Each structure stands twice: as C-alpha cells, then as structure tokens.
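Novice: Generate coordinates for the sequence data below:
(one chain, ligands or ions: 1)
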Amino acid sequence: MCRHLAYLGPPVTLADVVLDPPHSLLRQSWAPNDMRGGGTINADGFGIGWFDSGSGDGGPARRYRRDVPMWSDSSLPDLAESVSSEAILAAVRSATVGMPVTETACAPFVEGAWMFSHNGVVRGWPNSVASLAGTLPPVDLMTLDAPTDSAFLWALVRHHLRQGHPAAKALTDVVDDVLALAPGSRLNLLLNDGLRITAITAGHALWFCEGKDSITVSSEPLDPDEPGWQPVPELSLLETTTNQCSIRSRDEGWS
Ligand code: GLN
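Specialist: Numbering: from 1, shown residues only. Alright, predicted model coming up:
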C-alpha cells in the first residue's frame, strides 16, 4: 500500500533517487517487496516534490503529480533527469478501496517547505475520525486536496505545523489522536521540510540510509546490496538531518 521516500543532501537528480536505483520507487510501483495489509502494486498515481537546487532549506516545494502509474508516464524520465535538488519527497499510490483515483489524492501534499506523505489507511474512515474535523478551521476542510484519509491527515499535520509545532510533535500528536479513535490504522507518515526528515512507522515498513552528508528514508531499501540500509522499528518516530539521526518509540512516549 503505497511506497514513499525522502532525500536530503547534496544535489541529486530526481532520477538518481526515484528512477535509477536497483529497487527504485519506479520499480517499487510494479514490484514492491513488502506490501502489508492489502494491495499488490502501486498503480494509482504518483507524485514527486522537490526544492529548486540552491534555494536553501526554505523551499518552496515544487511538485509534479499524475493519476497514472509511474511506469506509464513517458514524460517523467526527461523531467527527472533534468531537475536536481537537495530535498526530495516522492510517493507511488495504491488507492485504498473506496477512495478516488485522482491526481490530487497523490502525495506529496505540500505547503511552503513542507512535503508530506502517508502510507496506510485510517480504519473506519471517515466516521471514526469525524470528531477531529472539528479541530480544523472550516476553510481547511473545504479545501482538502482530495476526499481521502491521507489528505485529511495532511490537513491535521499542517494545522499543527502552522501553529509552530515542531515536525515531530505534529506527527506524533496526529498519530496518537487517530489511533485513539481508529485503532488498527496504518499510519506511516513522512515529512521533509528541507532541514530534516521526520517519519512515523505504524503498520508499514520504513528504512533509512545515511550517506556522506546525505540521508535517504524509504519504504523499501533502494539498493538491497548496499549495506547501509537500516529498518525503523514499528511504532517509532524517526528524526534525521544529514548528520544526526534519532529513533524514539511510542511505547516510551515518543521520547
Ligand atoms: N489510504 C491512502 C490513499 O488511499 C494511502 C494508501 C496507501 O498507503 N496505499 O491514498
């Protein structure tokens, strides 16, 4: 169910991260290794977010999304070869049953320098979490990217971020609120703000690989033969910059 990745480090082309590795996101769109909880391929669209190279850590995020399988977009290779960036977030989508297949339902969801993705499902959607809608300004509800659980989770996370909450608090608060109302939800969340990548594991795999001055976080290792890939344990918060990485467990209060 959906695969996503985030990169921070020296400029690389979108193709370097998304298309070219042996087990790239492109390959994971049609041959993922570790799909859990239903779904076999990720053919319901895709998205790539990035900063202009040299724009610093403030973005703004640029974005390309399509509602077709990544492998069928014949324009993507040229675009991906010609754009370089220090901050990337990309995702391929396997739509949850009952949710629309449309470009605007594809991650990344972006605002300013924030780029966000959700891999999973909110159990009992939408009734289970309807009370959380009341915590959002009406305009946010009227302008959701799409009528999906992921777009709603983004609206909740963005609301925290707009209030100045750190990324880790925004993600953990939303996960705690949603799991309280919708137990069993799968909530792998991934946020790249250009300074750090922050992620939660809840129900799906996530790996990270520290390079020289770079960090890559991905649902599945992009190169299974590369020794640096490490799994993030279930129900954990990963917070990483290009030179610092911490993992904290929900059982220990995310601290
Ligand atoms: N439920 C989300 C959607 O339909 C995410 C799906 C997934 O992770 N496969 O877009």
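
Novice: can you list the residues of the stretch 1-150 of the chain near the ligand?
Specialist: For the stretch 1-150 of the chain, the residues in contact with the ligand (Cβ under 6 Å from any ligand atom) are 1-2, 39, 93-96, 99, 105, 118-121, 148-150. Backbone N, C-alpha and C define where each C-beta goes, glycine included.

Novice: biggest strand in this structure, by residue count?
Specialist: Ranked by residue count, the top strand of the chain under DSSP state E comes out as strand 3-13.

Novice: list the buried ones in that one?
Specialist: 3-9, 12-13 (16 or more other Cβ atoms under 10 Å).

Novice: CA atoms only: put that strand into PDB for me.
Specialist: In PDB, the C-alpha atoms belonging to strand 3-13 read as follows (Å, rounded to 0.1, in the frame of the first residue of the first chain):
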ATOM      1  CA  ARG A   3       5.500   3.400  -1.200                       C
ATOM      2  CA  HIS A   4       7.300   6.600  -0.400                       C
ATOM      3  CA  LEU A   5      10.800   8.100   0.000                       C
ATOM      4  CA  ALA A   6      12.500  11.200   1.100                       C
ATOM      5  CA  TYR A   7      16.000  12.600   0.400                       C
ATOM      6  CA  LEU A   8      18.200  15.300   1.900                       C
ATOM      7  CA  GLY A   9      21.800  16.000   0.900                       C
ATOM      8  CA  PRO A  10      23.900  17.400  -1.900                       C
ATOM      9  CA  PRO A  11      22.000  18.000  -5.100                       C
ATOM     10  CA  VAL A  12      21.000  14.800  -7.000                       C
ATOM     11  CA  THR A  13      18.700  14.500  -9.900                       C
END
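
Novice: now for the helix or strand just after that strand, which elements pack on it?
Specialist: Following strand 3-13 in sequence order, the next helix or strand is helix 14-18 (DSSP states H and E). Helix 14-18 is packed against strand 3-13, helix 25-30, strand 46-51, helix 76-82, strand 84-92, with contacts defined by 3 or more Cβ pairs under 8 Å, 6 or more residues apart in numbering; DSSP states H and E.

Novice: Show me where this protein has its strands.
Specialist: 3-13, 46-51, 61-66, 84-92, 109-111, 114-121, 186-192, 197-201, 207-211, 214-218, 230-231, 236-240, 245-249.

Novice: could you dump the ones you listed to JSON lines with distance to Val178 and mean pLDDT?
Specialist: Formatted as JSON lines, the strands of the chain follow (distance: least, Cβ to Cβ, whole Å; pLDDT from 0 to 100):
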{"stretch": "strand 3-13", "distance to Val178": "18", "mean pLDDT": "97"}
{"stretch": "strand 46-51", "distance to Val178": "22", "mean pLDDT": "98"}
{"stretch": "strand 61-66", "distance to Val178": "24", "mean pLDDT": "98"}
{"stretch": "strand 84-92", "distance to Val178": "19", "mean pLDDT": "97"}
{"stretch": "strand 109-111", "distance to Val178": "16", "mean pLDDT": "98"}
{"stretch": "strand 114-121", "distance to Val178": "10", "mean pLDDT": "97"}
{"stretch": "strand 186-192", "distance to Val178": "6", "mean pLDDT": "98"}
{"stretch": "strand 197-201", "distance to Val178": "11", "mean pLDDT": "98"}
{"stretch": "strand 207-211", "distance to Val178": "23", "mean pLDDT": "96"}
{"stretch": "strand 214-218", "distance to Val178": "21", "mean pLDDT": "97"}
{"stretch": "strand 230-231", "distance to Val178": "23", "mean pLDDT": "97"}
{"stretch": "strand 236-240", "distance to Val178": "15", "mean pLDDT": "98"}
{"stretch": "strand 245-249", "distance to Val178": "18", "mean pLDDT": "97"}
